[in-house]
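**Q** Return a 3D structure for these sequence lines:
(chains A and B, ligands or ions: 1)
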Amino acid sequence: MTSSPYAHPRVAVPRVAVPAWAWALALLALFALYLLAQDNGAVLAQAGGVAHELFHDARHALGVPCH
Amino acid sequence: MPLTHRTVDRLGGTATAPPFPALLGRLLLGGVVAGVLSGIWQLLVTERAISPALALEEARGTGTVEDSGEMFSRTTQLVGGFVGALVAAVGLAIVLAAVYAALRHRLPGRTDGSRLIVLTVIGFAVIALLPAVAIPANPPAVGDPDTIGTRTAIYGAVLAGGIVIAALVAAVVGALRRRGTDHTAVAAAGTAVGVALLAVLLLVLPGTPDTIPADVPADVVWNFRLASLGQLAILWATLGLAGGWFVDRLTASPARG
Ligand SMILES: [Zn+2]
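**A** Predicted structure coming up:
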């Protein structure tokens, strides 16, 4: 269609092959972030309660709604 | 063919893509550095802004269990807060590694360092700055325990909306660039689409249901908000700069083939 010099990228940057386990690991990390940010004992019951209070100040500092 | 490699390097980035495990390792290093720096900021600055709020709760006599130190001493909670900051940074670094690896060939920039800075600036804007505007952080003594569900839902919606907007702007910019639109017009169109969508998001979403209690001075709230935003800025800046520096050491090395 157009013949602008921008139409063709100068050199394509090769793709990184992202293995499936990379996404599994990312999901696991997201779950850990969720527990850190949000858990009120609903997911991990007592253990969650402990984590909730231990990480309490970090949750406020990161701007996540808290008590 | 060293000549070919050098030519490709100068024009479009490294000739071969780095393997994911190496990328992940470098970004994890960046995450640890970011966690330590933001954790130090938390101990030195943010905690100092939290203290007057805890004192207020104590004066009210209505401090919740988490603040009254029934489960942990205050010192343990400070250490826990630091560990929390570190865990958050490492967790973000792991997610960042997957997202960066998937988007690397589409991000602008000639080096991994500059591409990673682009991605972390977007991350800071969407995951830190946007929530700070839409539903600002509060120290203890401010939140109403009865509205935590609503506040959390709004916060989640802001994050989700921000990510969708970033993806839409990236799609528009990508499409225009493929059509050969010149850089200025692409930048203008991307900005216009982004600003319009952000305005819609902020208008559609309700603000926080809480009002700041009368006994909490405004400077206690604002000192805390600035400390929190500063901490998030350090976190994201270090993820981009330190992470990018570590990845550049990997991809710029001529020994790798
Ligand atoms: Zn709290």
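
**Q** Angles on the backbone of the nearest residue to B:A93 once chain neighbours are set aside, please.
**A** Closest residue in space to B:A93, ignoring its immediate chain neighbours: B:G31 at 2.6 Å, by CB to CB, 6 or more residues apart in numbering or on different chains. Heads up, the C-betas are built off the backbone N, CA and C, glycines and all. Note on B:G31: backbone dihedrals following degrees, to the nearest 10 are phi -60, psi -40.

**Q** Give me the contact status of the helix ranked longest in chain B with chain A.
**A** If you go by DSSP state H, chain B has its longest helix at helix B:218-251. Yes: counting by CB under 8 Å from any CB of the partner chain, chain A has neighbours in helix B:218-251: B:F224, B:A227, B:S228, B:L229, B:Q231, B:L232.

**Q** Out of the residues you listed, which comes closest to the ion?
**A** Of all the residues of helix B:218-251 next to chain A, B:F224 has the smallest distance to the ion: 11.5 Å, by CB to the ion.

**Q** and that closest one, how far is that from B:P217?
**A** 11 Å (CB to CB, to the nearest Å).

**Q** So the two - more neighbours on which side?
**A** Neighbour tally, B:F224 and B:P217, criterion other CB atoms under 10 Å in any protein chain shown: the higher count belongs to B:F224, 29 against 13.

**Q** My guess is the more buried one contacts B:S51. True?
**A** No: contact criterion CB atoms under 8 Å: B:F224 and B:S51 do not qualify, at 9.9 Å.

**Q** any shared contact partners between the two?
**A** Common contacts of B:F224 and B:S51 (CB atoms under 8 Å, 6 or more residues apart in numbering or on different chains): none found.

**Q** Any idea how many residues pack against the nearest residue to A:V18 once chain neighbours are set aside?
**A** On the basis of CB to CB, 6+ apart, the spatially nearest residue to A:V18 that is not a chain neighbour turns out to be B:A101, at 4.7 Å. Using other CB under 10 Å, B:A101 is surrounded by 24 other residues.

**Q** re the thing from before, buried by neighbour count: which residues of the longest helix of chain B qualify?
**A** Residues B:220-221, B:223-225, B:227-232, B:234-248, B:250-251 are the ones in helix B:218-251 that count as buried (16 or more other CB atoms under 10 Å in any protein chain shown).

**Q** about what we covered before: the residue nearest to B:A93: what's it in contact with?
**A** B:A89, B:V90, B:G91, B:L92, B:A93, B:I94, B:L96, B:L239, B:G243.

**Q** orientation of the strand or helix carrying the third one relative to helix B:218-251 in degrees?
**A** Using DSSP states H and E, the secondary-structure element containing B:G91 is helix B:74-103. Using axes from the mean of the first three to the mean of the last three CA atoms, to 10 degrees, the inter-axis angle of helix B:74-103 relative to helix B:218-251 is 50 degrees.

**Q** Show me what secondary structure element comes after helix B:74-103.
**A** Past helix B:74-103, the next helix or strand by DSSP H and E is helix B:112-124.

**Q** Using PDB, write out the CA atom coordinates for that next one.
**A** Presented in PDB, the C-alpha positions along helix B:112-124 are these (Å, rounded to 0.1, in the frame of the first residue of the first chain):
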ATOM      1  CA  ASP B 112      17.700  -4.700  25.900                       C
ATOM      2  CA  GLY B 113      18.300  -2.000  28.400                       C
ATOM      3  CA  SER B 114      16.300   0.600  26.500                       C
ATOM      4  CA  ARG B 115      13.500  -1.800  25.600                       C
ATOM      5  CA  LEU B 116      13.200  -2.900  29.200                       C
ATOM      6  CA  ILE B 117      13.000   0.700  30.400                       C
ATOM      7  CA  VAL B 118      10.100   1.300  27.900                       C
ATOM      8  CA  LEU B 119       8.300  -1.700  29.400                       C
ATOM      9  CA  THR B 120       9.000  -0.800  33.100                       C
ATOM     10  CA  VAL B 121       7.900   2.800  32.400                       C
ATOM     11  CA  ILE B 122       4.600   1.400  31.100                       C
ATOM     12  CA  GLY B 123       4.400  -0.900  34.100                       C
ATOM     13  CA  PHE B 124       5.000   1.900  36.500                       C
END
